[in-house]
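Undergrad: sequence isn't available, so here's the structure alone:
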């Protein structure tokens, strides 16, 4: 009988392709996202609140509903002070009542921006340093915007001018 020898060849471990590590990391990220999504769905309530909110959001607007129109960009201007100039940035939202007023205000945003910028740049740094001064500026801005819109639309339309961001440096 002939002896057959069985020889095993051991090959050194080859290098992994360069794409394998990023692919494994991406797969782990996707798996983690799926697990988090499942946990969030399980931990959330039965959704009855969401359905109730959806019904409330789909109800038609009445003229008494408060709506807000944000100015597309913040107002940025310089104010002279006693010893130096100050850079001021104000973010503004306009409160109106009803969808028709909201549509008209959106239509006249460039006119409103002009009125607000004129009002803001006419103030002084000492005035804006105090809370009372900011309130006075807000009131003055409201009156100027209402006057401007009254001349164009025949109605003041704006109920409040809100400062949602105010930086002075």
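TA: Thanks, I have the structure now. Owing to the predicted nature of the structure, the values given are computational and were not obtained by experimental measurement. Numbers count the residues shown, from 1 in each chain.
Undergrad: just give me the neighbour total for residue 129.
TA: 13 (other CB atoms under 10 Å). For the C-beta atoms, the positions are set from N, CA and C on the backbone; glycine is no exception.
Undergrad: now do the helices in the protein.
TA: 20-43, 48-57, 99-107, 109-121, 125-128, 131-153 (DSSP state H).
Undergrad: helices or strands next to the last one in the packing?
TA: Put plainly, it is helix 131-153. Helices and strands touching helix 131-153, by 3 or more CB pairs under 8 Å, 6 or more residues apart in numbering; DSSP states H and E, are helix 99-107, helix 109-121, helix 125-128, strand 158-168.
Undergrad: list of residues touching the third one?
TA: Outside helix 125-128, the residues within contact range by CB atoms under 8 Å, 6 or more residues apart in numbering are 79, 80, 81, 82, 86, 88, 133, 134, 136, 137, 168.
Undergrad: so what's the second one up against?
TA: Just to be clear, that refers to residue 80. Contact analysis of residue 80 by CB under 8 Å, 6+ apart lists 86, 124, 125.
Undergrad: what does the last one give?
TA: Contacts for residue 168 (CB under 8 Å, 6+ apart) come out as 79, 86, 87, 88, 89, 125, 128, 129.
Undergrad: so the first one touches residue 86, yeah?
TA: Yes - with contact defined as CB atoms under 8 Å, residue 79 and residue 86 form a contacting pair (4.8 Å).
Undergrad: counting neighbours, which of the contacts of residue 80 comes out on top?
TA: residue 125 (18 neighbours).
Undergrad: ok, that residue to residue 28 distance?
TA: 54 Å (CB to CB, to the nearest Å).
Undergrad: next one: residue 165 from residue 84, what distance?
TA: To residue 84, residue 165 is 22 Å away according to CB to CB.
Undergrad: neighbour count: the two, which is higher?
TA: It is residue 165, of residue 165 and residue 84, that has more neighbours when counted by other CB under 10 Å, with 11 against 7.
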